[in-house]
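Chemist: Structural data only, the sequence is not supplied:
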């Protein structure tokens, strides 16, 4: 049974994997590197060297001036911010214009001998450019190293001297306004005339419409309009309040509305007399006093009390008298004389005054609206002239700026015409052209270094291609656990056949007899038919099989496996993986445990007579071995290791091979036998192999990984299939070769 769930595999490669690949394929890398060095040496000895001269130019800063565009700046050429400036100067030095000037100065015939008259100058300029190299002295430096190479040492130095001499003039033509004086002066006069014409048109427009600027006039009109609209809103609010007041007076005086029927000829009631006002006010006062008395008496007396009834009857008489007065003079309801006896205001007169105030408010609103109409007319006039006004202003501003710039450029062009070409600020020749010396150009140097490095790079690339793409085999034990995440029990190194030792299971010439003339189950059969017992041999697998045995026993103990016999299997992923050797060594190691009876079952050989197992042949079949193990004297025998074969014999080649159903049927017999351990030497795993079905019925399965013939994909498939069958699987890496030191390979 699988005791722990497998963890998913990890992808990618680490530093240890890279070092392992380099150590494993070191001879390929070294061989290809030597070939690359040989190719570089061939270039070194076959390439014809040239004579080269050097000069150094310091670019401190660059003054940028334009004759027409008006650019004027100074850029520092030191540090990272000046890299673009230095690159610009490199382009100027290597330009075709400078090459043509140098070719004419040195001599076209000397630089391009034999060329036709039409192509002589072009060929000479190309010869200058082909041998000229310009680069900063180091990264971020503002010192330019100018180098020229030629087969003639004298011509190499002479051409470089002309480049250094003519470069300042080319620099001025690119960065300054040299030669632009006449053009700038002519352009200045044209712009001046346009500016004067624009100013005249603008002044005429201002005087005609009496404005200074469109913005100021628009602001003034907007403020007036906002103020007028605010006044209208205020006046309309006053009008609404006054109209409400007039309507209230008319209502109190009994004046019908203007649209009331039969009310046009109704007379306006007369104003109340002072005597009526006094009488009305006296009645109102007495009513108030009686109501106060009634309220006080209601706290102690009932409503039907004589005193309260008397007060009520007096109140009713006073209310009737007040009603009669109001019928005679309705104005009494809204007009009452003050307590100090002042003469009241005449309501009719007050109504006339309020109506007069209402008319004045309406007249004021009408004037405000007329003023708004006048302002709208002004806005329309301003909108008509505004585009032209703004156009003239924009033209004047543009022409003024252009004129000022041209005036400044004209002054600079005048200064640049008189500038000394040998005293340009920011440029200084630090080193004049040196005497020509032999050397290789940069292309040849790069070619030699490239060939030398290409050999090693090709070797490294080939190593990784073979290891990661072409060769998918597992070559080191650490890869099983770290990369594939498959449990690894042990790693067995590769041992040459001559160093593998004697036969692991051999005959010592003795017999295996039980008591009373009865034969016990022999371990092997000798060539002459005399049975023998396994003797101690010095085989290389013995220490590894003992280590596997101890780990399996420990695994059984911690998982509390106490049943007998314990069934184990050894299988591989390819033929020749060493499963038979490991199975025999494991059987021998278990047989050395005191009192342990071990049965080794060979399921791997096609015919047992043709496949001697370490010098001996299995004598019995599995069924025969189980029957013989039932002998009552089996446990008392001194033999611990027994061999059996489940393969068909040559005499019965058509017999059904041992398969999962046979194992399933024999499981009860194995459980009833006296064997302590049964080890099956299984066939290699394949999609149709019986190993996959039988592995789940066993207590432990050892999956042998052949270090020479097992791929990563095969191990993933085989391990996953065994895990699906609920088998307890551990891997044994066989034939491990040492390609690198242990600290690189990741082995312990």
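Modeler: Great, that's in hand. Computed from a prediction, not measured in an experiment: that's the story for all the values here.

Chemist: Doesn't residue 424 lie inside a strand?
Modeler: No - counting by DSSP: H, G, I helix; E, B strand; the rest coil, residue 424 is not part of a strand but coil.

Chemist: Next, count neighbours for it.
Modeler: A count of neighbours around residue 424, defined by other C-beta atoms under 10 Å, yields 18. Placement of C-beta: from N, CA and C, glycine included.

Chemist: looking at it, residue 486 is touching residue 480, isn't it?
Modeler: Yes - with contact defined as C-beta atoms under 8 Å, residue 486 reaches residue 480; the gap is 5.1 Å.

Chemist: To which secondary structure element type does residue 701 belong?
Modeler: With three-state DSSP as the criterion, residue 701 reads strand.

Chemist: Would you mind measuring from it to residue 561?
Modeler: 14 Å (C-beta to C-beta, to the nearest Å).

Chemist: So between the two, which is more surrounded?
Modeler: In terms of neighbours (other C-beta under 10 Å), residue 701 is the more surrounded of residue 701 and residue 561; the figures are 24 against 15.

Chemist: Pretty sure that one sits against residue 722.
Modeler: Yes - when contacts are counted by C-beta under 8 Å, residue 701 is listed as touching residue 722 (6.1 Å).

Chemist: anything in contact with each of the two?
Modeler: Shared contacts of residue 701 and residue 722 (C-beta atoms under 8 Å, 6 or more residues apart in numbering): 695, 729.

Chemist: name the element residue 99 belongs to?
Modeler: helix 96-106 (DSSP states H and E).

Chemist: Does anything pack onto the helix or strand following that helix? Which helices or strands?
Modeler: The C-terminal neighbour of helix 96-106 among helices and strands, as given by DSSP H and E, is helix 108-111. Contact here means 3 or more C-beta pairs under 8 Å, 6 or more residues apart in numbering; DSSP states H and E; on that basis helix 108-111 packs against helix 120-131, helix 153-175.

Chemist: if you average pLDDT over helix 108-111, what comes out?
Modeler: Across helix 108-111, pLDDT averages out at 84.

Chemist: for stretch 603-619, same thing?
Modeler: 52.

Chemist: The host helix or strand of residue 408 to helix 153-175, inter-axis angle?
Modeler: Residue 408 is part of helix 347-417, with elements assigned from DSSP H and E. Here helix 347-417 runs at an angle of 160 degrees relative to helix 153-175 (axes from the mean of the first three to the mean of the last three C-alpha atoms, to 10 degrees).

Chemist: Relative to the whole chain's centre, how far out is helix 347-417?
Modeler: Distance of helix 347-417 from its chain centroid, counting by C-alpha atoms, centre = their mean, to the nearest Å, is 57 Å.

Chemist: got any residues that touch both of residue 486 and residue 480?
Modeler: Shared contacts of residue 486 and residue 480, counting by C-beta under 8 Å, 6+ apart, come down to 715, 731.

Chemist: quick one, which of the two is more surrounded?
Modeler: Set residue 486 next to residue 480 and count neighbours by other C-beta under 10 Å: residue 486 wins out with 24 against 21.

Chemist: now the helices and strands packed on helix 108-111 as a markdown table including distance to residue 455, mean neighbour count and mean pLDDT?
Modeler: Output for the helices and strands packed on helix 108-111, formatted as a markdown table (distance: least, C-beta to C-beta, whole Å; neighbours: other C-beta atoms under 10 Å; pLDDT from 0 to 100):
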| stretch | distance to residue 455 | mean neighbour count | mean pLDDT |
| --- | --- | --- | --- |
| helix 120-131 | 29 | 19 | 86 |
| helix 153-175 | 33 | 20 | 83 |
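
Chemist: can you tell which of those helices is closest to residue 670?
Modeler: helix 120-131 (89.3 Å; C-beta to C-beta).

Chemist: what's the closest one packed up against?
Modeler: So helix 120-131, by 3+ C-beta pairs under 8 Å, 6+ apart, packs with helix 96-106, helix 108-111, strand 143-150, helix 153-175.

Chemist: can you redo the ones you listed as CSV with distance to residue 117?
Modeler: Conversion of these to CSV gives the following (distance: least, C-beta to C-beta, whole Å):
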stretch, distance to residue 117
helix 96-106, 14
helix 108-111, 9
strand 143-150, 23
helix 153-175, 21
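
Chemist: nearest to residue 490, of those?
Modeler: strand 143-150 (64.5 Å).

Chemist: Pairing partners for the closest one, with directions?
Modeler: Taking DSSP bridges as the criterion, strand 143-150 forms sheet pairs with strand 50-59 (antiparallel), strand 132-136 (antiparallel).

Chemist: First-to-last residue distance for stretch 692-706?
Modeler: 18 Å (C-alpha to C-alpha, to the nearest Å).
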